[in-house]
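K.L.:
Structure of the sequence below:
(chains A and B)
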Amino acid sequence: MIRIFSILVGLFFSAALLFSFGKGAYSYISEPPAATAVNVYHKEPKELALASDGPLGKFDMQQVQRGFQVYTEVCSNCHMLHQVAFRDLKAIGYNDDEVKAIAAKHKIPHYDPKTGEVKNDNGMPTDHFPPVVYGGQGTPPDLSLIAKAREGGPAYIYSVLTGYQDQPADLLAKFPDSKTPDGLHYNPYFANLNIAMPPPLTSDGQVSYKDGTKPTVDQMAQDVAAFLVWTAEPKLENRHQAGWAVLIFLIFATGLAYMAYQNVWAGKKH
Amino acid sequence: MSFPWAQHYKPSHPLMVYLDEKLPLPRFVYNAVGAGYPVPRNLNYAWNFGVLAGFCLLIQIVTGIVLAMHYASNAGIAFDSTEHIMRDVNYGWLLRYAHANGASAFFAVVYIHIFRGFFYGSYKPPREMIWLLGVVIFLLMMATAFMGYVLPWGQMSYWGAQVITGLFSAIPLIGGALHTWLLGGFAPGDAALNRFFSLHFLLPFVILGVVILHIWSLHIPGSSNPTGVEVKTESDTVPFHPYYTAKDGFGLGVFLILYCAVVFFAPNQFGHPDNYIPANPMQTPAHIVPEWYFWPFYAILRAFTQDFFIIPAKLMGVLAMFSAILVWFFLPWLDRSPVRSGHYRPLHRKFFWVLVIDVLALGYCGGAPAREPYVMISQVLAIYYFLHFLVILPIVSSLEKPEPLPFSITEAVLGKDDHAVLTA
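P.N.:
So this is what the prediction gives:
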């Protein structure tokens, strides 16, 4: 009885699925989905090798500091770094005085308990990077976690920053409706090809590095990507170090457990 | 209950004798997972996964309790409090990554445990109750994992909550009101986040309770085994301790190596990048997908694209998705073959492997964007899924001719002895 009922239920679901499949297949064959500009011209991120990659990765602190400089001089005009506190910068090699000086460059509203006023004071190491007011087109995302919030991570950041170009002529020939709207910029690494952010890194030497590295656009893009890996995952080095200790211990312990297992079962066929 | 040849607990130390008289907890442990529990001697590594699942539950409860000490279930600050755990709490990154990947590990282990049951017919009498309780555990796990994923209040948390609670609005007549009641509003918000947090804390302990019932009911008939032949004599069994404590210890070590490799070196591999973007009710992500362990069922939900007679497509999808799991409850009565193990069932064995490939492919389609050809592929795969459990399994036992079974576990292990005489 239960089996007859079950076969009926199974056939019911199968019939409904077959009906959906039939209709879907019919419209797929009669009107095959047309190619769009996005699925023809969108590109996967370029290769980017950073010192923090892989299970042995550590930050290249010089590069992270250079990236911080690019963020400060270029990105921070529009983008926030809400999750990061000034005190965190000690982890990328700044000393207490430098951290205080960096914090003091930012104006941050502090509540004065004596007067009850809120005053825009110099920032303190305990403060987080303050909000950035932006009035233009689009919404510049907070950059603290951007390296984890995009498929491809740092390679994606690097690709978008260096990927600006004129819209290819054959794209316009094939998809006349897909012309980049005014105020947007063609970038094949961006999800819908047209990004609101104007090219931020436009010329070599836009920032001047103190460590003698040549500030090409490509170099600046790599450096800021490395910096944003750090803002997204500041504990990466601790994680890698702890990981090796844990794995080496576990492999040793599992070896012992295997020998114990063999020992206990010795002479017992199973 | 146990087999008559089970070893008896004999405390020798005066303290243990005293304790045995006042509170026989050591005796209980001895009989449950000690030398007092005889287990078939031929269990293979597939039988390690029950212990591993229990261990995953412990990982989740321990890391979860500490995470709850630092997390704020307020829609305004939930996302930032998660980042506070990642950045400012001592070893907070470890706790959170261990917990998030612990959910993945738990499901991976439980899926293997369930498919072990499919292959070896573990759901068959006299073990129906163990199986039913197991399906209850799986359903509770799904609810717990779903609500846990909402807590970081990222984009995928928010929109996942929107989609999954939206399923209830497909119920005729009461759906809309039920949806609002469940969420405490018209869309996920502070009310929903707080109740999800509360329930996410409660449900693991409910799971723990059902796990205890699951193991309790297991101890009545005792463990099944790869031959599917019931235990007959003492030579068929070994005491759980030290034989299976040693084997499970080794299995646990291998599991921990794999799990820790993910936690420390690829902790975001199983997550979605969008969940590192704070929840934004004004912006729908391009593709809303749940965590990987829901993908096969998500593919079934999305496979119903057309209204079927008077039933709307969405309601069909919801009914099918829940039925895809609820059908497991009926397995003991749908599969009527007297032979338990897939080793001796030539047809059932083949259909089992087709099911494995089918579910893996459904999972792939469930994680892919909802467009052709993925929808058509998942429709075909979903047809097989339902036919497998509801049509093939009930009739395959009358079509197939099982291969000869060994007389006993001992014979399966040691080989047939033609000169042996069965003694009383």
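
K.L.:
so which strand or helix has the spatially most central residue of chain B?
P.N.:
Here the mean C-alpha position of chain B is nearest to the C-alpha of B:Val110 (Cα atoms, centre = their mean), at a distance of 3.5 Å. For B:Val110, the element it lies in under DSSP states H and E is helix B:92-120.

K.L.:
How about that helix and chain A, any contact?
P.N.:
Yes - applying Cβ under 8 Å from any Cβ of the partner chain, one finds that helix B:92-120 is in contact with chain A at B:93-94, B:97. For every residue, glycine as well, the C-beta is placed using N, CA and C.

K.L.:
And these, which is closest to chain A?
P.N.:
Set against chain A, the nearest of these by Cβ to the nearest Cβ is B:Trp93 (4.5 Å).

K.L.:
okay, the residue nearest to the closest one when sequence neighbours are not counted: pLDDT?
P.N.:
Nearest residue to B:Trp93, sequence neighbours excluded (Cβ to Cβ, 6 or more residues apart in numbering or on different chains): A:Lys235, at 4.5 Å. You'll see A:Lys235 listed with a pLDDT of 97.

K.L.:
What's the local residue count around A:Lys235?
P.N.:
When neighbours are defined as other Cβ atoms under 10 Å in any protein chain shown, A:Lys235 has 17 of them.

K.L.:
same check, this time on B:Ala6
P.N.:
B:Ala6: 19 surrounding residues under other Cβ under 10 Å.

K.L.:
swap in B:Tyr384?
P.N.:
Counted with other Cβ under 10 Å, residues neighbouring B:Tyr384 total 20.

K.L.:
The one 10 residues further on now?
P.N.:
As a burial measure, B:Pro394 scores 21 neighbours (other Cβ under 10 Å).

K.L.:
Could you measure from it over to B:Ser169?
P.N.:
According to Cβ to Cβ, to the nearest Å, B:Pro394 stands 34 Å off from B:Ser169.

K.L.:
Quick check: which ranges of chain B have low pLDDT?
P.N.:
Residue ranges of chain B with pLDDT under 70: B:1, B:417-424.

K.L.:
Break it into its domains for me.
P.N.:
Listed by automatic domain parsing, the domain ranges of chain B are B:1-36, B:44-141+B:163-223+B:237-269, B:286-403.

K.L.:
Show me how far the last one is from its chain's centre.
P.N.:
Right, domain B:286-403. Remark: domain B:286-403 is offset 16 Å from the chain centroid, using Cα atoms, centre = their mean, to the nearest Å.

K.L.:
Could you work out the end-to-end span of it for me?
P.N.:
Terminal residues of domain B:286-403 lie 52 Å apart, using Cα to Cα, to the nearest Å.

K.L.:
Enumerate every residue touching B:Pro332.
P.N.:
By Cβ atoms under 8 Å, 6 or more residues apart in numbering or on different chains, the residues touching B:Pro332 are B:123-125, B:128, B:131-132.

K.L.:
Try it again at 6 Å.
P.N.:
B:123, B:128 (Cβ atoms under 6 Å, 6 or more residues apart in numbering or on different chains).

K.L.:
which SSE is it in?
P.N.:
Going by DSSP H and E, B:Pro332 is in helix B:331-334.

K.L.:
Quick one: name whatever helix or strand follows that helix.
P.N.:
Next along the chain after helix B:331-334, taking DSSP H and E as the criterion, comes helix B:346-367.

K.L.:
by contact count, what packs against that following helix?
P.N.:
Where contact means 3 or more Cβ pairs under 6 Å, 6 or more residues apart in numbering or on different chains; DSSP states H and E, helix B:346-367 is packed against helix B:295-303, helix B:374-387.

K.L.:
okay, these, which one's buried deepest?
P.N.:
Scoring the helices and strands packed on helix B:346-367 by mean neighbour count under mean count of other Cβ atoms under 10 Å in any protein chain shown gives helix B:295-303 as the most buried, with a mean of 25.

K.L.:
Need the contact partners of the helix or strand just after that one.
P.N.:
Moving toward the C-terminus from helix B:295-303, the next helix or strand (DSSP H and E) is helix B:313-326. For helix B:313-326, the surrounding residues in contact (Cβ under 6 Å, 6+ apart) are A:13, A:16, B:167, B:170, B:297, B:300-301, B:304-308.

K.L.:
What of stretch A:152-168?
P.N.:
So stretch A:152-168 is contacted by A:45-46, A:48, A:50, A:147, A:150, A:180, A:185-190, A:199, A:201, A:218, A:221-222, A:225, A:228-229 (Cβ under 6 Å, 6+ apart).

K.L.:
Run through the helices of the stretch 101-250 of chain B in chain order.
P.N.:
B:128-150, B:155-166, B:175-183, B:190-218, B:245-265 (DSSP state H, counting those that start in this stretch).

K.L.:
quick one: the shortest one to helix B:190-218, angle?
P.N.:
Regarding helix B:175-183 and helix B:190-218, their directions subtend 90 degrees when assessed with axes from the mean of the first three to the mean of the last three Cα atoms, to 10 degrees.

K.L.:
what about residue 212, neighbour count?
P.N.:
Using chain A. By the criterion of other Cβ under 10 Å, A:Gly212 has 5 neighbours.

K.L.:
The chain in question should be chain B.
P.N.:
The local packing of B:Ile212 (other Cβ under 10 Å) involves 11 other residues.

K.L.:
what does the one 3 residues further on give?
P.N.:
Burial of B:Ile215 is recorded as 15 neighbouring residues (other Cβ under 10 Å).

K.L.:
how far away is it from B:Cys56?
P.N.:
According to Cβ to Cβ, B:Ile215 and B:Cys56 sit 15 Å apart.
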